[in-house]
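*Asks:* Take a look and give me a structure for this.
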Amino acid sequence: MTPEQDLGEELRDALARSLEGYVPSAAPVDRILAAGRTRRARRRAAVLATAAVLAVGLILPLSRLAGGDTPTGPRIPAPPSRSAPATTAPAVRPQTEEVGRGTLDGQPWSVTLEFYPTWPEGFSVGPLPPGLRQQPVGGSLLCQRMFIGGVRIDHQGGPWSDCQPVDGAEDLSASGSMGLWGTHEKGTAGSRLFVSDAEPGVAYGVVTFADGTKTTAPVRTVPGTGYHAWAVAIRDGRTIAVVDEYDARHRRVSHSTEWR
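*Replies:* Prediction:
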(Lines give C-alpha, C1' and ligand atoms only; values in the text may rest on other atoms or scores of the structure.)
Protein backbone atom coordinates (compact mmCIF):
# COMPACT_ATOMS: atom_id res chain seq x y z
CA MET A 1 0.00 0.00 0.00
CA THR A 2 1.43 3.39 -0.91
CA PRO A 3 1.99 6.23 1.58
CA GLU A 4 -0.89 8.20 0.05
CA GLN A 5 -3.29 5.26 0.56
CA ASP A 6 -2.16 4.92 4.21
CA LEU A 7 -2.92 8.68 4.83
CA GLY A 8 -6.41 8.44 3.26
CA GLU A 9 -7.27 5.39 5.37
CA GLU A 10 -6.21 7.16 8.56
CA LEU A 11 -8.41 10.17 7.74
CA ARG A 12 -11.47 7.98 7.15
CA ASP A 13 -10.92 6.19 10.47
CA ALA A 14 -10.61 9.52 12.32
CA LEU A 15 -13.85 10.86 10.77
CA ALA A 16 -15.73 7.66 11.67
CA ARG A 17 -14.57 7.85 15.30
CA SER A 18 -15.71 11.56 15.51
CA LEU A 19 -19.21 10.73 14.24
CA GLU A 20 -19.57 7.83 16.67
CA GLY A 21 -18.73 10.17 19.63
CA TYR A 22 -21.19 13.01 18.66
CA VAL A 23 -24.57 12.96 20.39
CA PRO A 24 -27.04 15.45 18.71
CA SER A 25 -29.08 17.73 21.02
CA ALA A 26 -32.86 17.80 20.94
CA ALA A 27 -34.47 20.17 18.41
CA PRO A 28 -35.62 23.55 20.00
CA VAL A 29 -39.24 22.84 19.15
CA ASP A 30 -40.64 25.08 21.91
CA ARG A 31 -38.61 28.10 20.79
CA ILE A 32 -39.58 27.57 17.16
CA LEU A 33 -43.30 27.39 18.03
CA ALA A 34 -43.08 30.48 20.29
CA ALA A 35 -41.33 32.50 17.57
CA GLY A 36 -44.01 31.46 15.09
CA ARG A 37 -46.80 32.56 17.42
CA THR A 38 -45.09 35.98 17.94
CA ARG A 39 -44.76 36.54 14.20
CA ARG A 40 -48.44 35.64 13.63
CA ALA A 41 -49.54 38.03 16.40
CA ARG A 42 -47.52 40.88 14.89
CA ARG A 43 -48.96 40.26 11.41
CA ARG A 44 -52.52 40.19 12.82
CA ALA A 45 -51.98 43.53 14.67
CA ALA A 46 -50.57 45.15 11.52
CA VAL A 47 -53.57 43.97 9.46
CA LEU A 48 -56.06 45.30 12.04
CA ALA A 49 -54.27 48.70 12.21
CA THR A 50 -54.30 49.02 8.43
CA ALA A 51 -57.99 48.17 8.31
CA ALA A 52 -58.74 50.80 10.97
CA VAL A 53 -56.88 53.50 9.04
CA LEU A 54 -58.71 52.65 5.84
CA ALA A 55 -62.06 52.70 7.63
CA VAL A 56 -61.41 56.12 9.18
CA GLY A 57 -60.20 57.48 5.85
CA LEU A 58 -63.43 56.34 4.26
CA ILE A 59 -65.78 57.51 7.03
CA LEU A 60 -64.35 61.07 7.30
CA PRO A 61 -64.91 62.04 3.63
CA LEU A 62 -68.43 60.56 3.73
CA SER A 63 -69.31 62.51 6.88
CA ARG A 64 -68.01 65.75 5.32
CA LEU A 65 -70.08 65.14 2.18
CA ALA A 66 -73.16 64.59 4.33
CA GLY A 67 -72.49 67.79 6.26
CA GLY A 68 -72.47 66.02 9.62
CA ASP A 69 -70.04 65.26 12.39
CA THR A 70 -67.82 62.24 12.53
CA PRO A 71 -69.22 59.15 14.32
CA THR A 72 -66.90 59.75 17.26
CA GLY A 73 -67.94 63.36 17.95
CA PRO A 74 -67.86 66.91 16.61
CA ARG A 75 -65.35 67.83 14.00
CA ILE A 76 -62.12 69.13 15.61
CA PRO A 77 -60.58 72.15 13.91
CA ALA A 78 -57.02 71.90 12.71
CA PRO A 79 -54.46 73.43 15.05
CA PRO A 80 -53.23 76.89 14.03
CA SER A 81 -50.13 77.07 11.91
CA ARG A 82 -46.91 77.76 13.75
CA SER A 83 -45.57 79.84 10.92
CA ALA A 84 -45.34 83.56 11.64
CA PRO A 85 -48.27 85.53 10.21
CA ALA A 86 -47.52 87.88 7.36
CA THR A 87 -47.20 91.43 8.59
CA THR A 88 -47.09 94.71 6.73
CA ALA A 89 -45.22 97.67 8.09
CA PRO A 90 -47.75 100.40 8.90
CA ALA A 91 -47.67 103.43 6.65
CA VAL A 92 -46.24 106.58 8.21
CA ARG A 93 -49.15 108.93 8.87
CA PRO A 94 -48.42 112.66 8.82
CA GLN A 95 -49.59 115.22 11.33
CA THR A 96 -51.45 117.88 9.36
CA GLU A 97 -52.77 121.43 9.76
CA GLU A 98 -54.73 123.42 7.21
CA VAL A 99 -53.14 126.85 6.91
CA GLY A 100 -55.83 128.43 4.74
CA ARG A 101 -58.52 127.83 2.13
CA GLY A 102 -61.02 129.74 0.03
CA THR A 103 -61.92 130.66 -3.54
CA LEU A 104 -59.50 132.33 -5.93
CA ASP A 105 -60.64 133.60 -9.33
CA GLY A 106 -63.56 131.18 -9.16
CA GLN A 107 -61.41 128.18 -8.17
CA PRO A 108 -60.90 126.56 -4.75
CA TRP A 109 -57.49 126.97 -3.14
CA SER A 110 -55.89 125.52 -0.02
CA VAL A 111 -52.56 125.26 1.81
CA THR A 112 -51.84 122.42 4.26
CA LEU A 113 -48.73 121.57 6.26
CA GLU A 114 -47.82 117.89 6.65
CA PHE A 115 -45.24 116.69 9.16
CA TYR A 116 -43.91 113.13 8.92
CA PRO A 117 -42.07 112.01 12.10
CA THR A 118 -40.04 109.62 9.94
CA TRP A 119 -39.43 109.56 6.22
CA PRO A 120 -42.35 107.88 4.44
CA GLU A 121 -41.81 105.01 2.06
CA GLY A 122 -40.76 106.21 -1.38
CA PHE A 123 -39.23 109.50 -0.24
CA SER A 124 -35.69 110.32 -1.31
CA VAL A 125 -33.55 113.42 -0.92
CA GLY A 126 -32.81 113.58 -4.64
CA PRO A 127 -29.94 112.35 -6.84
CA LEU A 128 -27.14 110.71 -4.91
CA PRO A 129 -23.84 112.60 -4.81
CA PRO A 130 -20.75 110.89 -6.24
CA GLY A 131 -19.47 108.11 -4.00
CA LEU A 132 -22.75 107.61 -2.12
CA ARG A 133 -24.38 104.28 -2.99
CA GLN A 134 -27.61 104.60 -1.06
CA GLN A 135 -29.93 107.20 0.37
CA PRO A 136 -29.22 108.45 3.90
CA VAL A 137 -31.70 107.11 6.43
CA GLY A 138 -33.45 109.01 9.19
CA GLY A 139 -34.89 112.37 9.95
CA SER A 140 -38.38 113.80 9.55
CA LEU A 141 -40.18 115.45 6.66
CA LEU A 142 -42.16 118.70 6.36
CA CYS A 143 -44.42 119.21 3.34
CA GLN A 144 -46.30 122.30 2.18
CA ARG A 145 -49.23 121.10 0.06
CA MET A 146 -50.66 123.94 -2.07
CA PHE A 147 -53.63 123.56 -4.41
CA ILE A 148 -55.36 125.88 -6.89
CA GLY A 149 -58.37 124.53 -8.76
CA GLY A 150 -57.69 120.99 -7.53
CA VAL A 151 -54.16 120.97 -8.98
CA ARG A 152 -51.22 120.65 -6.61
CA ILE A 153 -48.63 123.31 -7.29
CA ASP A 154 -45.32 121.83 -8.50
CA HIS A 155 -46.85 118.38 -8.95
CA GLN A 156 -44.63 117.89 -12.00
CA GLY A 157 -41.69 117.40 -9.64
CA GLY A 158 -43.18 114.26 -8.11
CA PRO A 159 -45.05 113.49 -4.88
CA TRP A 160 -42.34 115.00 -2.64
CA SER A 161 -41.49 118.13 -4.63
CA ASP A 162 -42.99 120.44 -1.99
CA CYS A 163 -41.28 118.71 0.98
CA GLN A 164 -38.04 119.23 2.85
CA PRO A 165 -36.14 117.00 5.32
CA VAL A 166 -36.14 118.38 8.86
CA ASP A 167 -34.58 117.33 12.13
CA GLY A 168 -37.54 116.32 14.30
CA ALA A 169 -40.57 118.37 15.26
CA GLU A 170 -38.77 121.58 16.30
CA ASP A 171 -36.25 122.30 13.55
CA LEU A 172 -35.97 126.13 13.44
CA SER A 173 -33.94 126.00 10.22
CA ALA A 174 -37.21 125.34 8.36
CA SER A 175 -38.71 128.64 9.57
CA GLY A 176 -38.49 132.15 8.16
CA SER A 177 -38.92 131.49 4.42
CA MET A 178 -41.60 133.14 2.24
CA GLY A 179 -42.67 132.49 -1.32
CA LEU A 180 -45.12 133.16 -4.16
CA TRP A 181 -46.54 130.04 -5.75
CA GLY A 182 -48.68 129.48 -8.83
CA THR A 183 -49.54 126.92 -11.47
CA HIS A 184 -47.68 128.79 -14.24
CA GLU A 185 -44.79 131.24 -14.73
CA LYS A 186 -43.40 130.22 -11.31
CA GLY A 187 -45.95 132.26 -9.41
CA THR A 188 -45.12 135.62 -11.00
CA ALA A 189 -48.48 135.97 -12.77
CA GLY A 190 -52.02 134.62 -12.74
CA SER A 191 -53.70 133.20 -9.65
CA ARG A 192 -51.09 132.84 -6.91
CA LEU A 193 -50.57 131.92 -3.26
CA PHE A 194 -48.29 133.76 -0.85
CA VAL A 195 -47.07 131.43 1.92
CA SER A 196 -44.81 132.25 4.86
CA ASP A 197 -43.17 129.56 7.00
CA ALA A 198 -43.31 131.90 9.96
CA GLU A 199 -40.60 132.12 12.59
CA PRO A 200 -41.41 131.51 16.27
CA GLY A 201 -43.34 134.42 17.78
CA VAL A 202 -45.20 135.40 14.61
CA ALA A 203 -48.98 135.46 15.17
CA TYR A 204 -50.27 136.73 11.82
CA GLY A 205 -49.24 138.26 8.52
CA VAL A 206 -50.57 141.21 6.49
CA VAL A 207 -50.23 141.62 2.72
CA THR A 208 -50.70 145.17 1.43
CA PHE A 209 -51.42 145.45 -2.30
CA ALA A 210 -50.48 148.27 -4.66
CA ASP A 211 -54.04 149.61 -4.59
CA GLY A 212 -53.84 150.03 -0.79
CA THR A 213 -56.06 147.10 0.15
CA LYS A 214 -54.85 144.62 2.77
CA THR A 215 -55.38 140.94 3.52
CA THR A 216 -54.62 139.50 6.96
CA ALA A 217 -54.03 135.80 7.68
CA PRO A 218 -53.44 134.09 11.06
CA VAL A 219 -50.61 131.63 11.72
CA ARG A 220 -51.61 127.96 11.91
CA THR A 221 -49.42 125.40 13.73
CA VAL A 222 -49.10 121.66 13.16
CA PRO A 223 -50.15 120.09 16.49
CA GLY A 224 -47.24 118.87 18.59
CA THR A 225 -44.61 120.64 16.48
CA GLY A 226 -42.99 124.02 16.05
CA TYR A 227 -43.96 124.27 12.37
CA HIS A 228 -46.46 126.96 11.47
CA ALA A 229 -47.35 129.13 8.49
CA TRP A 230 -49.83 131.61 7.12
CA ALA A 231 -51.13 132.01 3.58
CA VAL A 232 -52.90 134.62 1.43
CA ALA A 233 -54.47 134.08 -2.00
CA ILE A 234 -53.72 136.70 -4.69
CA ARG A 235 -56.10 137.28 -7.59
CA ASP A 236 -54.82 137.50 -11.14
CA GLY A 237 -53.55 141.01 -11.94
CA ARG A 238 -52.93 142.15 -8.35
CA THR A 239 -49.51 143.38 -7.21
CA ILE A 240 -48.01 143.11 -3.72
CA ALA A 241 -46.56 146.28 -2.23
CA VAL A 242 -45.61 145.24 1.33
CA VAL A 243 -45.60 142.09 3.46
CA ASP A 244 -45.54 142.53 7.25
CA GLU A 245 -45.61 140.03 10.13
CA TYR A 246 -46.75 140.71 13.70
CA ASP A 247 -46.56 138.97 17.05
CA ALA A 248 -49.45 138.36 19.45
CA ARG A 249 -49.06 141.91 20.86
CA HIS A 250 -49.42 143.41 17.35
CA ARG A 251 -45.79 144.45 17.21
CA ARG A 252 -44.27 144.19 13.74
CA VAL A 253 -41.48 141.62 13.63
CA SER A 254 -40.71 141.58 9.86
CA HIS A 255 -41.16 143.88 6.86
CA SER A 256 -40.43 143.19 3.18
CA THR A 257 -41.13 144.99 -0.10
CA GLU A 258 -39.48 142.75 -2.73
CA TRP A 259 -42.69 140.95 -3.69
CA ARG A 260 -44.94 141.73 -6.67
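*Asks:* quick one, strands of the stretch 101-250 of the chain?
*Replies:* Here the stretch 101-250 of the chain has its strands, by DSSP state E, counting those that start in this stretch, at 107-116, 140-148, 151-152, 163-166, 178-182, 192-196, 204-209, 214-218, 220-221, 228-234, 240-246.
*Asks:* what's near enough to touch E97?
*Replies:* Shown in contact with E97 (Cβ atoms under 8 Å, 6 or more residues apart in numbering): T112, L113, R220, T221, V222, P223, H228. Placement of C-beta: from N, CA and C, glycine included.
*Asks:* are any of the residues you listed buried, and which?
*Replies:* The neighbour count (16 or more other Cβ atoms under 10 Å) marks T112, L113, R220, V222, H228 as buried among these.
*Asks:* Burial check on the nearest residue to the first one once chain neighbours are set aside, number of neighbours?
*Replies:* I take that to be T112. Distances taken as Cβ to Cβ, 6 or more residues apart in numbering place R145 nearest to T112, at 4.6 Å, with adjacent residues excluded. By other Cβ atoms under 10 Å, 17 other residues sit near R145.
*Asks:* re the thing from before, ok, so of the contacts of E97, who is nearest S124?
*Replies:* Relative to S124, the closest of those is L113; by Cβ to Cβ it sits at 20.8 Å.
*Asks:* how much space between that closest one and E170?
*Replies:* Between L113 and E170 the computed distance is 14 Å (Cβ to Cβ, to the nearest Å).
*Asks:* Identify, from the contacts of E97, the entry nearest to Q164.
*Replies:* Using Cβ to Cβ, the contacts of E97 come closest to Q164 at L113, 11.4 Å.
*Asks:* V99 is in contact with the closest one, correct?
*Replies:* Yes. Counting by Cβ atoms under 8 Å, V99 is a contact partner of L113 at 6.1 Å.
*Asks:* Find residues that contact each of the two.
*Replies:* R220, A229.
*Asks:* sorry, back to before: show me which of the contacts of E97 is closest to G150.
*Replies:* Using Cβ to Cβ, the contacts of E97 come closest to G150 at T112, 13.7 Å.
*Asks:* what pLDDT does the nearest residue to W119 once chain neighbours are set aside get?
*Replies:* Spatially, and ignoring its direct neighbours in sequence, W119 is nearest to L141 (5.6 Å; Cβ to Cβ, 6+ apart). Per-residue pLDDT puts L141 at 94.
*Asks:* Run through the residues that contact L141.
*Replies:* 94, 114-116, 118-120, 123, 160, 163-166.
*Asks:* tally of neighbours for the nearest residue to D167 once chain neighbours are set aside?
*Replies:* Leaving aside its chain neighbours, D167 sits nearest to G139 (6.2 Å; criterion: Cβ to Cβ, 6+ apart). Neighbours of G139 under the rule other Cβ under 10 Å: 16.
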